[in-house]
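Generate a structure from the sequence data that follows.
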Amino acid sequence: MAQSLDVCKRESGKIWHRKPAPSSDDGLVVSIKHTLGTAVSPHVRTVRFLHAAFDSTGNSFIAGDHQGNIYLFDVAKNRFSLVHRIGQACTALAFGLRRKTEFLAALADYTLRCYDTDSRELIAQMKGHDAGVHTISLHASGRYAISSSSDTAQLWDLDTFQRRRKLNIKQSVGIVKVFFVPLSNTILTCFKDDSIFGWESDTLQCRFQLPVPEGRSPQYKAFACPRDGRLLVAGGKSNFLHLWALDSRRLLRIVQMPPKVRVVRQLEFLPDNFDGGSSQTLGVLSQDGIMRFINIHSCKLLFDIGSHDNRITHALIGADGRHVVCTMEDGSINVYSVQALTSELNKPPPPLLKVVSSEKEREKSVVSRVSDVPSTLRPRSGAGGQGVRPYSRTATRVPRKVRGQQPPDRTQASDSGVEVDLSDGLHRGRLLSILKGFGEYPAKYRMFIWRSLLKLPENHAAYSALLDKGVHSSYVRLHEQYPIKSQKLLRVLQRTLSALAHWSPIFGETDYLALLAFPFVKLFQNNQMVCFEVIATILVNWCQQWFEYFPNPPINVLNMVENLLAYHDKHLLQHLINYNITAQTYAWPLLETLFSEVLTKDEWLKLFDNVFSNHPSFLLLCVAAYAISARGPLTKCTDVGDFEYFFHHRNAIDIGAVIREAYRLQETTPEDIHPRRVMEDFQPLTRGQYPIFNKYPTFIVDYQVKERERIREEELQYLQERQVTEELKRETERKRQQEEAWYRQQELLEEAEETRRRVIADEEQKLTAQRVRLAAMRRELRVKELQLLDAARRRFMEHQQRQKETELKRLDDEIERKVRLREQETHAAIDDVEVKNMELHAQRGLFEQELARDEVAASFLRRADMDAHRRQQDLEDRIQQRIGVLEREREQIIRREVERGLARAEQQNVDTQMDLRVEHRQQLDDLDREIRMLQLAKMNAANRHVEEEVHQLMKELENKQLQEEAAGRANLQDQRRIGLEGEQRRMDLLRGEQGEEQQLTEQLRQDESSFERLRDLRDKGRPDGGQVGGNTTENRCLNNSGSGSEASSQFSLDRGRQTFERREQELMKEVRDMRKKLAEKTRQTQPPPGFQVDDDDDDDDDLSGGSL
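Here you go, the predicted model:
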């Protein structure tokens, strides 16, 4: 029995907990699945396994599910472990690199990654594909790998994990598969246009192109090479396999698969340890999810795996050929044992001689050999419900003739003991002996025995043709009439009934056919073709003459049962007749359900073991036997409902007693009333095609078919009309609802509009009241604003007045300070002149001492010269200081002039801004007045005259202010002109002083030169030592000359001082005159405070400039 493994939330563990013992029927070792479920939620969700890959030894394989979990399953060590959680589904896997613990995984993000199974770490990541990778092919050395997608193929170096080459193709031609040929350096590329090329893996040069058979395009989808790399097999959208020899590059043969194979999805060679790599067994996975293994030389079907209920999506075979791993349609992984699947193939051939024993010895040995019977009974393994003939050595082996023995004659009597009258080597007599000894067949081999007893032809093509016709119209709504819980069972029942209806039209009109077929459908749900043929055989043989009175129950068959009951139990029949119970009540319910309603499963199987082993009339005997066995309960029933209930429900009746009673009836019933006289012997279904079944009133069935078709068409028409009516009704209802909704919306809108109108009216009233209060508040604010403006204007004028008075006081103080400074400077100059005079007197005394002392004349002259030079420098320094002081004063005057101009400009800007604000406020007042004019027309008409007068007064005041401003500007220009004239006078004074200083310097230089000439004359008269009087004369002359120079220098200094005092007196006089003029002008005209401040400031600046 196959074991199962669930890796749910487990990272490691055992694959199986007891030693696997796969059966030879399916060879399944273990079924692996991954489910997710919680203790809270009872629903279990399956995580589907997508891909798997064997390692190079075939002892372990990896598998990846759609959540990105990669598991390692070691079959040899019976262990599994979680390798890595990638987080995304893998599209292809490859396990068998040069480093044995590494594998490649192609992911959904188009990348190729390498992981290590031991360290569970990412080794490398390779990028380059623009589409999903569907295949990965490894070189025999494990050093190179080829990854293929729909648009490109790339060659990777697995030592450096770098891409070596890339195969670029046209957009119109896609790639089907690119892979390495085993044990060679050849790369095969297969494209969607069915072209196959061979390339050298080292140089990537094209070596050959394989020929493709002419005719219909095969549309290759699957390719396979054996381990020696000498052959290539390809298959596609047909049941043909093309086999090439890669050495000679020619097409060897074309193998045709069975008709049920329409598309070949995958091809895999099954290796053998003793074939040297030239595998002869090929696994073919077709569209029906079944993998069939054939011999490519003898073209014989060996065995198959898979079923229609759980199809195979992908399969792979280990390198040692011991296991086959398949990913199934339900997301699980099935591991099959090749040894178990090929156990029948490897059996030794049966002996050619048989020992014939006597009848007594056979009867004695029946019981002891019952357990040996199953060893010779191997059922045909059904691939998804379709039986496939197993491979047997006796099927192809031609037995040798033994001398003195002839081959057995199949026409011998059944009592000969040597004859085999059933298929698959079963003896009917031996089976009947087992049935008589045990009352039933072994449960494990019952289905196989039934198939042998019924001699089922297994017409796959005919059955496929019936299935291809689809669901019959009579059974489209089968689920409504028979709500079966299992959807799978419902589909099988619907498919079987449809096939029967397509085989014969009567079965599409038979109401009880579902009741008759259901137990067989439930029994053979995994082998639907056998189920169909079993039911068809029953309808042909055990249901003879059932349809002669169709659509009524078979009166003739029921009469046979009634005759049996009348002969064997007259009292019971009389009791039934007394209560108007006919055979339709006690016999027909058992026949139309084949006892499935009144028997359990085991009882029903035991009954049909005997029914199938006897003449078809045995079924009617069983019906009579069942009624006779229930004689006691039936005689107690008096109500029709009780009888009906009894024959439609299970009762406490021993089925063994019923069967024994049936055998008794079979032996004791006279031939004239025995059903065997009327019913024909058993006739199996014909091989190739099913027989024609027309034992029914054709006109009635045809009429019912036509009526049913007419009713179906009328029903379809009615449904269409009803659908249209429903749609119109829904549309009308929808429009009515829309209209009602529109009217409700309009009513709501009107109510909302009315509410809003009331709200607006209330708000308007409130707004009017607020506007009245606002107007009153605005008038009050306007009055307050005017009062504040008037107070601010007066305060500003007072501030300006105080500021101007402070400025005038500051200017007066400045003038007084400058006058005091000038007086101090004048006194300092007089002191300097007096000091200079004293210095001159001292110099004159020194000159006299020098003239008196001839012995120190030279030193005196040098000292006097140095003193004169120093004094000259001091004088020059004082002149330069005076000039610098004058220059600084001039710069201060200029700076003050600039500051005054800036102050005037700022004041004018302030006045202009004030005018703008006033004008802006006037404009705002005008706007307010205009608004009030629109609301209060009468009030505006009364105030218009007053506003015009105020406006006229404001214009006159503005003109007056402009005139005063023009007069002030003219006065300012006059003052500036006077200031310029004063500045010109000061400059003339400075130039005059500089000229006088230059004349004084020239005079001093002339005095020094005259002194030098006198010194030279004295030096010349010095050799005459007796002329002392001359020297006295010379000294006198010098004294005279010295007195004259002293007088001239005294005169020059007095004159300069007098000139300075005179100019200073004139300047002070001008200042006093100008102050008087300004005072008189101020008294005559009183300009606005702003202009008066500017004029006073300018006059003061000019006066200060004049004083300077």
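
Could I get the pLDDT score of the residue nearest to His297 when sequence neighbours are not counted?
Nearest residue to His297, sequence neighbours excluded (C-beta to C-beta, 6 or more residues apart in numbering): Gln280, at 5.7 Å. The way it works is simple: take the backbone N, C-alpha and C, and place the C-beta from them, glycine included. Listed pLDDT for Gln280 reads 84.

could you measure Gln280 against Asn563, distance?
With the distance defined as C-beta to C-beta, to the nearest Å, Gln280 ends up 63 Å from Asn563.

about what we covered before: correct me if wrong: the residue nearest to His297 contacts Cys299.
No. With contact defined as C-beta atoms under 8 Å, Gln280 does not count as touching Cys299 (10.9 Å).

Of the two, which one has the most company?
Per other C-beta atoms under 10 Å, whichever of Gln280 and Cys299 has more neighbours is Gln280, with 16 against 12.

residue contacts, the more buried one?
Asp272, Asn295, Ile296, His297 (C-beta atoms under 8 Å, 6 or more residues apart in numbering).

hmm, which of these are the buried ones?
Asp272, Asn295, Ile296 (16 or more other C-beta atoms under 10 Å).

from these, which single one is nearest Glu661?
Nearest to Glu661 among these is Asn295, at 52.8 Å by C-beta to C-beta.

what's the distance between the closest residue to the closest one other than its chain neighbours and Asp228?
Counting by C-beta to C-beta, 6+ apart, Asn295 lies nearest to Gln280, which is 5.6 Å off, once chain neighbours are set aside. Remark: distance between Gln280 and Asp228 (C-beta to C-beta) = 11 Å.

Can you pull out the low-pLDDT segments for the stretch 151-300 of the chain?
Applying pLDDT under 70 to the stretch 151-300 of the chain flags residues 170-172, 273-277.

which stretches of it form strands?
152-157, 162-168, 175-180, 186-191, 196-200, 206-209, 220-224, 231-236, 240-245, 250-256, 264-270, 281-286, 291-295 (DSSP state E, counting those that start in this stretch).

and of those strands, who's closest to Gln528?
Taking the strands of the stretch 151-300 of the chain one by one with C-beta to C-beta, strand 281-286 is closest: 16.8 Å.

Any idea which helix or strand in the chain has the lowest mean pLDDT?
The weakest-scoring helix or strand in the chain, judged by mean pLDDT, DSSP states H and E, is helix 393-396 (a mean of 32).

which element follows that one toward the C-terminus?
helix 428-438 (DSSP states H and E).

Who are the packing partners of that following helix?
Packing contacts for helix 428-438, counted by 3 or more C-beta pairs under 8 Å, 6 or more residues apart in numbering; DSSP states H and E, involve helix 359-368, helix 446-454.

Lowest mean pLDDT across those, which one is that?
Looking at the helices and strands packed on helix 428-438, the lowest mean pLDDT belongs to helix 359-368 (a mean of 36).

List the contacts of the closest residue to Phe682 other than its chain neighbours.
The shortest distance from Phe682 to any non-neighbouring residue, by C-beta to C-beta, 6+ apart, is to Asn541 (5.2 Å). Taking C-beta under 8 Å, 6+ apart, we find Asn541 in contact with Pro616, Glu680, Phe682, Gln683.

Now restrict the residues you listed to buried residues only.
Pro616, Phe682.

In helices, which of the contacts of Asn541 appear?
With DSSP state H as the criterion, helices contain none of the contacts of Asn541.

Now the contacts of Asn541 in JSON lines, please, with extra columns for pLDDT and distance to Arg917.
What follows is those, written out as JSON lines (pLDDT from 0 to 100; distance: C-beta to C-beta, whole Å):
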{"residue": "Pro616", "pLDDT": "91", "distance to Arg917": "126"}
{"residue": "Glu680", "pLDDT": "88", "distance to Arg917": "130"}
{"residue": "Phe682", "pLDDT": "89", "distance to Arg917": "127"}
{"residue": "Gln683", "pLDDT": "89", "distance to Arg917": "126"}
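
The host helix or strand of Asp867: how far from the chain's middle?
For Asp867, the host element (DSSP H and E) is helix 857-935. How far helix 857-935 lies from its chain's middle: 78 Å, per C-alpha atoms, centre = their mean, to the nearest Å.

In terms of secondary structure, what does the very next helix or strand once past that helix contact?
Of the helices and strands lying after helix 857-935 in sequence (DSSP H and E), the nearest is helix 937-1021. Here helix 937-1021 touches helix 857-935, helix 1028-1084, helix 1089-1107, going by 3+ C-beta pairs under 8 Å, 6+ apart.

What mean pLDDT does the longest helix seen in the chain get?
Scanning the chain for the longest helix, with DSSP H as the assignment, gives helix 698-852. Regarding helix 698-852, the rounded mean pLDDT is 84.

angle of it against helix 857-935?
Inter-element angle recorded for helix 698-852 and helix 857-935: 150 degrees (by axes from the mean of the first three to the mean of the last three C-alpha atoms, to 10 degrees).

neighbours around Tyr579, how many?
Neighbours of Tyr579 (other C-beta under 10 Å): 14.

re earlier: could the strands of the stretch 151-300 of the chain go into a markdown table alongside distance to Asp118?
What follows is the strands of the stretch 151-300 of the chain, written out as a markdown table (distance: least, C-beta to C-beta, whole Å):
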| stretch | distance to Asp118 |
| --- | --- |
| strand 152-157 | 22 |
| strand 162-168 | 24 |
| strand 175-180 | 26 |
| strand 186-191 | 31 |
| strand 196-200 | 35 |
| strand 206-209 | 39 |
| strand 220-224 | 31 |
| strand 231-236 | 36 |
| strand 240-245 | 40 |
| strand 250-256 | 43 |
| strand 264-270 | 28 |
| strand 281-286 | 32 |
| strand 291-295 | 33 |
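
Quick one: closest of those strands to Ile484.
Minimum separation from Ile484 across the strands of the stretch 151-300 of the chain (C-beta to C-beta) falls at strand 281-286, 29.3 Å.

next one: that closest one to chain centre, how far?
Per C-alpha atoms, centre = their mean, the centroid offset for strand 281-286 relative to its chain is 40 Å.

Report the angle between that strand and strand 240-245.
Using the same axes, to 10 degrees: strand 281-286 against strand 240-245 is 140 degrees.

just use 241 as the starting number from now, easier for me
Happy to do that; since the first residue is 241 now, the last one works out to strand 521-526.

counting contacts, what elements does strand 521-526 pack onto?
So strand 521-526, by 3+ C-beta pairs under 8 Å, 6+ apart, packs with strand 504-510, strand 531-535, strand 552-557.

partner strands of the second one, parallel or antiparallel?
Strands adjacent to strand 531-535 in the sheet, as given by DSSP bridges, are strand 521-526 (antiparallel), strand 541-545 (antiparallel).

Select, out of these, the one closest to Ser296.
strand 521-526 (19.5 Å).

which outside residues touch that closest one?
462, 464, 473, 475, 481, 497, 500-510, 512, 531-536, 542, 552, 554-555, 557, 564.

same thing but 7 Å
For strand 521-526, contacts defined as C-beta atoms under 7 Å, 6 or more residues apart in numbering pick out 464, 473, 475, 497, 501, 503-510, 531-536, 542, 552, 555, 557.

Compute the inter-axis angle for it and strand 552-557.
160 degrees.

do you know how far Asp314 is from Ser857?
Plainly put, Asp314 is 61 Å away from Ser857 if you go by C-beta to C-beta.

ok, now Leu805?
15 Å.

for the closest residue to Val711 other than its chain neighbours, helix, strand, or coil?
Using C-beta to C-beta, 6+ apart and skipping the chain neighbours, the partner closest in space to Val711 is Ser738 (4.9 Å). Secondary structure, DSSP: H, G, I helix; E, B strand; the rest coil: Ser738 is helix.

Show the contacting residues for Ser738.
Contacts of Ser738 (C-beta under 7 Å, 6+ apart): Val711, His712, Tyr715.

which one among the residues you listed gets closest to Trp396?
Of the contacts of Ser738, the one sitting nearest to Trp396 (C-beta to C-beta) turns out to be Val711, at 50.7 Å.

Please consider this matter closed, and thank you.
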